[in-house]
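1. Next comes the sequence, and after it the predicted model I'd like to discuss.
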Amino acid sequence: MAQVKGKILAGKVLVKPQEAETKTVSGIIIPDSAKEKPLCGEVVLVGAAKKDEVVEVKAGDKVLYGKYSGTEIEIEGEKYLLINHSDVLYII
């Protein structure tokens with residue numbers, strides 16, 4: 001993965017979402033309109049902790065996050081998700 005330039009604000013995490021599945025296990029191709037938003041991704045950048053908060057994630061961690069969490073942004077042609085530290089549900 002290419003190095004992302006920039007700085008993340010306190011309390012935020014920049015995640016590269018995992019690609020959505022294009023086929024089912026049985027081989028059926030899933031159309032774009034039926035694909036579900038991925039709920040897993042790799043942490044790219046982590047902002048500093050806010051007051052009275054502990055940051056448990058670090059760059060390179062794979063995480064699960066809420067379905068409607070964060071804001072989709074595009075940096076240098078790549079799509080990322082900017083979420084709050086508290087939106088991270090599980091570290092894989």
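-> Thanks, I have it. Residues are numbered from 1 along each chain as shown.

2. Which residues are in contact with residue 13?
-> Neighbour list for residue 13: 43, 45, 46, 47, 57, 63, 82, 83, 84, 85, 87, 88 [criterion: C-beta atoms under 8 Å, 6 or more residues apart in numbering]. The C-beta positions use only the backbone N, C-alpha and C, and glycine is treated the same way.

3. for residue 62, that is, sorry about that
-> 40, 41, 42, 43, 91, 92.

4. Put the buried members of the contacts of residue 13 into a ChimeraX selection.
-> Buried residues within the contacts of residue 13, by 16 or more other C-beta atoms under 10 Å, are selected in ChimeraX with:
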select :43,45,46,47,63,82,83,85,87,88
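
5. thinking again about what came up before, in strands only, show me the contacts of residue 62.
-> Among the contacts of residue 62, the residues falling in strands (DSSP state E) are 40, 41, 42, 43, 91.

6. wait, what's in contact with the second one?
-> Contacts of residue 41 were listed using C-beta under 8 Å, 6+ apart, and they are 15, 16, 17, 18, 62, 63, 65, 81.

7. Apply 7 Å and report the result again.
-> Contacts for residue 41 (C-beta atoms under 7 Å, 6 or more residues apart in numbering) come out as 15, 16, 17, 18, 63, 81.

8. and the gap between it and residue 31?
-> Per C-beta to C-beta, to the nearest Å, residue 41 is found 22 Å from residue 31.

9. and if you look at the last one?
-> The span separating residue 91 from residue 31 equals 32 Å under the rule C-beta to C-beta.

10. same check, this time on residue 47
-> In terms of C-beta to C-beta, residue 47 sits 36 Å off from residue 31.

11. Local confidence estimate at the nearest residue to residue 8 once chain neighbours are set aside?
-> Leaving aside its sequence neighbours, residue 8 sits nearest to residue 47 (C-beta to C-beta, 6 or more residues apart in numbering; 3.8 Å). Note on residue 47: pLDDT of 93.

12. Residue 47 contacts residue 9, doesn't it?
-> Yes: Residue 47 lies in contact with residue 9 (C-beta atoms under 7 Å); the separation is 5.2 Å.

13. This protein: strands as residue ranges?
-> 12-17, 40-46, 62-65, 71-75, 78-84, 88-91.
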